[in-house]
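Asks: Got a predicted structure here, sequence first:
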Amino acid sequence: MKALGQWTAALLAWAGLLLAMPGACLAQPQAAASSLDVLHWWTSAGERRAADQLRSLLVPAGVQWNDAAIPGGGGTAAMKVLKSRVLMGDAPDVAQLIGSTLTEWADVGLVLPLNGVAARRKWSQTLFPAVLDLVSYKGVVIAAPLGLHRINTLLYNRRLLGRLGLQPPHSWAEFEAVARAVSAAGIKPLAWSDEAWQIATVFESLLLSEAGPTLYQEMIVQRKSAAWLDPRVEKALLRLRWLRAQSGLNADAPAERVWTQSARELMDGSAAMLIMGDWTRGELMAWGASPSTDFGCVAVPGTERMHLYSVDTLAMLVNARHPVALQEKVAETLSALPAQLAYNRIKGSVPVRRDLSTAARKSLDACARDSWETFAAPGTARMPSLAHRMAADEATKDAVAQALWRYLSDPHMDALEAQKRLAAVMHTP
Ligand code: BGC
């Protein structure tokens, strides 16, 4: 988790040096005294609505959110733009930096410590401990947490399954039966995209399903290379190929589509199911679909009572403008309970706070309530998402996604070869 890619470290250290230089006055645009430049990758309809909600929550606090959005699901492009902006001496005031990328940036002094806000807002008592841990590094709080996404989510089209007299699947055997029945009706069982980050998102749920939490931890968190050669990983890889085939794609013709296209197929009933993080719920709702009548969700088969999470966080960057008071206001305002409820309802995620009243819990829709309650339950296996930066640095995450992409697009590569490649990528740093 705390591993720092050498290249990234060098670049960021250079940027840190630039900022530390007296009179570091690289071109800084003149901004209004109350405005903050916010870099993020929330550009789909649901994400946009959620970002707009954050923006309006900040208005009463006297903060004007200047949008610096970089399109691209999963944030790959946004991370590149952020790096180059920092190197140009034009770091935004606030950035969507999550998981391990946060610690990389904190390591080189580019992130404003938020210990004062955390103490004033009693984060140690109100946030989930796993969330506070994620935003803490070497005793310093380095970001404001916004929402908790569940990656091991299987979404289904309620009307379609209802029309065919089918129940959402809770086991792989049930999934296969649903897939057969949906296919027989001439409909695609599963929506799919071959974009590397989306493949990785599906795969880590399968890995957790087949391997279980202990082996998942060994592979993803402890990075024990040998664990990747376990036969359960082979099962997950074979299931990945099988699932892709359920979307009707040929092995040798990759179809890389933005994730919203798959969500669209689910919504219009041309596909029955989709495995994707629950930000998809935010998207479907933005398009007018309702979680009680149009779509539903269950945990990916074999991952009930497990929560494969990705936490969205905003880091306050150190830059020549030094808008510290405003940056602290952002962290204070957005971590407060009303803001948490308002924002997460739109985003498809759930509050990062553990102190929800019974009424607040009841106000969540069924899928969100299940996510929040599962995360809160003492016996839950809470597992960090690799595909969404919770467990490894950007370069490792990308290398894993590439290895999986290769495996899927080369029908001649067998699962063992893919396992060896993954083991090599995930060796202990
Ligand atoms: C982020 C979500 C975002 C999703 C798709 C994830 O990495 O945590 O907030 O909606 O990518 O862009």
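Replies: Yep, it's here. Predicted model only: the values in this text are computed from it and were never measured.
Asks: distance of Lys347 from Arg150?
Replies: According to CB to CB, to the nearest Å, Lys347 and Arg150 sit 12 Å apart. C-beta here means a position set from N, CA and C on the backbone, and glycine is covered the same way.
Asks: what's the burial count for the closest residue to the ligand within the chain?
Replies: Minimum separation of the chain from the ligand (CB to the nearest ligand atom) falls at Trp279, amounting to 3.4 Å. Applying other CB atoms under 10 Å, we find 26 residues neighbouring Trp279.
Asks: ok, it touching Gly348?
Replies: Yes: between Trp279 and Gly348 there is a contact under CB atoms under 8 Å: 4.8 Å.
Asks: Overlap of the contact sets of the two?
Replies: Gly46, His149 (CB atoms under 8 Å, 6 or more residues apart in numbering).
Asks: hang on, isn't Leu341 packed against Pro351?
Replies: Yes: assessed by CB under 8 Å, Leu341 is found in contact with Pro351 at 6.3 Å.
Asks: could you dump the longest strand along the chain to CSV, C-alpha only?
Replies: Assignment by DSSP state E gives strand 306-316 as the longest strand of the chain. C-alpha atoms of strand 306-316 as CSV (Å, rounded to 0.1, in the frame of the first residue of the first chain):
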residue,chain,number,x,y,z
MET,A,306,-17.6,-9.1,2.1
HIS,A,307,-17.0,-5.5,1.2
LEU,A,308,-14.5,-4.9,-1.6
TYR,A,309,-14.2,-1.1,-1.1
SER,A,310,-12.9,2.0,-2.8
VAL,A,311,-13.0,5.2,-0.9
ASP,A,312,-13.2,8.5,-2.7
THR,A,313,-11.1,11.2,-1.1
LEU,A,314,-10.2,14.8,-1.8
ALA,A,315,-6.6,15.9,-1.0
MET,A,316,-5.8,19.5,-0.4
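Asks: other SSEs contacting the helix or strand following that strand?
Replies: Per DSSP states H and E, strand 306-316 leads on to helix 324-335 as the next helix or strand towards the C-terminus. Under the contact definition 3 or more CB pairs under 8 Å, 6 or more residues apart in numbering; DSSP states H and E, helix 324-335 sits against strand 35-40, helix 45-58, helix 115-120, strand 144-150, strand 306-316, helix 337-347.
Asks: Tell me how many other residues crowd Val400.
Replies: Using other CB under 10 Å, Val400 is surrounded by 24 other residues.
Asks: Kindly report the same for the one 3 residues further on.
Replies: Taking other CB under 10 Å as the criterion, the count of residues near Ala403 is 25.
Asks: what kind of secondary structure is the residue nearest to it when sequence neighbours are not counted in?
Replies: With sequence-adjacent residues excluded and distances taken as CB to CB, 6 or more residues apart in numbering, Ala403 is closest to Arg421, at 4.4 Å. Using DSSP: H, G, I helix; E, B strand; the rest coil, the secondary structure recorded for Arg421 is helix.
Asks: so what's Arg421 up against?
Replies: Arg421 sits next to Ala403, Arg406, Tyr407 when contact means CB under 8 Å, 6+ apart.
Asks: quick check: domain ranges of this protein?
Replies: Structurally, the chain divides into domains by automatic domain parsing as follows: 6-149+310-376, 153-308+380-425.
Asks: which parts of this protein sit against the ligand?
Replies: Trp41, Glu47, Gly73, Gly74, Gly75, His149, Trp279, Ser310, Asp312, His388 (CB under 6 Å from any ligand atom).
Asks: Run a quick check on the third one versus Glu195, I expect a contact.
Replies: Yes: at 7.2 Å, Gly73 counts as touching Glu195 under the criterion of CB under 8 Å.
Asks: and the gap between Val258 and Asp194?
Replies: 11 Å.
Asks: Please apply the same query to Leu308.
Replies: According to CB to CB, Leu308 stands 21 Å off from Asp194.
Asks: Tell me which of these two has more neighbours.
Replies: Neighbours per residue (other CB under 10 Å) separate Leu308 from Asp194, with Leu308 holding more: 31 against 18.
Asks: Report the beta-bridge partners for the more buried one.
Replies: Beta bridges link Leu308 to Met383, judged by DSSP bridges.
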